[in-house]
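Q: here's my sequence, what's the structure:
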Amino acid sequence: MHGRLEKDTRGGVFGASGVVEIGNNVFLGMNTIICRNVRIADNVIIGGGSVVTKDCLKAGVYAGNPARYITDLDSFCNKRKDLQATEAIELVRNYRRRFGKTPDKKCIEEYFLLYAHPENAKEHESIMNLCDNYDETFEYMKNNPSKYESYEDFIRSCFDENTIWE
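A: Got it, this is the predicted structure:
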């Protein structure tokens, strides 16, 4: 059985509009779609490719189609922090396998907190300013010591036989 258009709706063009409200400190991943009449609270991360069809009123991480609440920000940040060294080591090892050389600092700059210290913060100024939060990142560096003494120390650890995928 096929649907049938009624005579009075054939050819009609019906507008649809609405409001989208996005709070402060919100990250929208690439290719996110936000439907009309949706509110997104402060301190929310929306995963890439998500389709937001309902309000995201609780601070935290949302993802999927339709987007749903995944976890709170503290849990997400702790998980990301715990994975940093493992991911960075894997990146360096794969880079060397692929290109036959060790990546320079610029190539792994997003992992700078693994080896940077407050006294050399200016060296990482561009990435620290990326989200317009240089001061907050600097404070984080002062309160959370780096896992490695230097970039060179980190690179050495990537190829140390005792380095286990953390």
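
Q: so what's the nearest residue to Asp55 once chain neighbours are set aside up against?
A: Spatially, and ignoring its direct neighbours in sequence, Asp55 is nearest to Arg39 (4.6 Å; CB to CB, 6 or more residues apart in numbering). Where C-beta positions appear, they are placed from N, C-alpha and C, glycine not excepted. Taking CB atoms under 8 Å, 6 or more residues apart in numbering, we find Arg39 in contact with Val20, Glu21, Gly23, Asp55, Cys56, Leu57.

Q: select from the residues you listed the one having the most neighbours.
A: The most neighbours of any of the contacts of Arg39, using other CB atoms under 10 Å, belong to Cys56, which has 24 neighbours.

Q: phi and psi next, for it.
A: Backbone torsions for Cys56, taken as degrees, to the nearest 10, come to phi -110, psi 80.

Q: count of neighbours near Trp85?
A: Check again: residue 85 is Ala, not Trp. Residue neighbour count, defined by other CB under 10 Å, stands at 19 for Ala85.

Q: sec struct for it, please.
A: What DSSP: H, G, I helix; E, B strand; the rest coil gives for Ala85 is helix.

Q: isn't it right up against Lys147?
A: Yes: with contact defined as CB atoms under 8 Å, Ala85 counts as touching Lys147 (5.9 Å).

Q: find residues that contact each of the two.
A: With CB under 8 Å, 6+ apart as the test, Ala85 and Lys147 both reach Leu114.

Q: select the helix or strand of the protein having the lowest average pLDDT value.
A: Lowest by mean pLDDT, DSSP states H and E among the helices and strands of the chain is helix 125-128, with a mean of 87.
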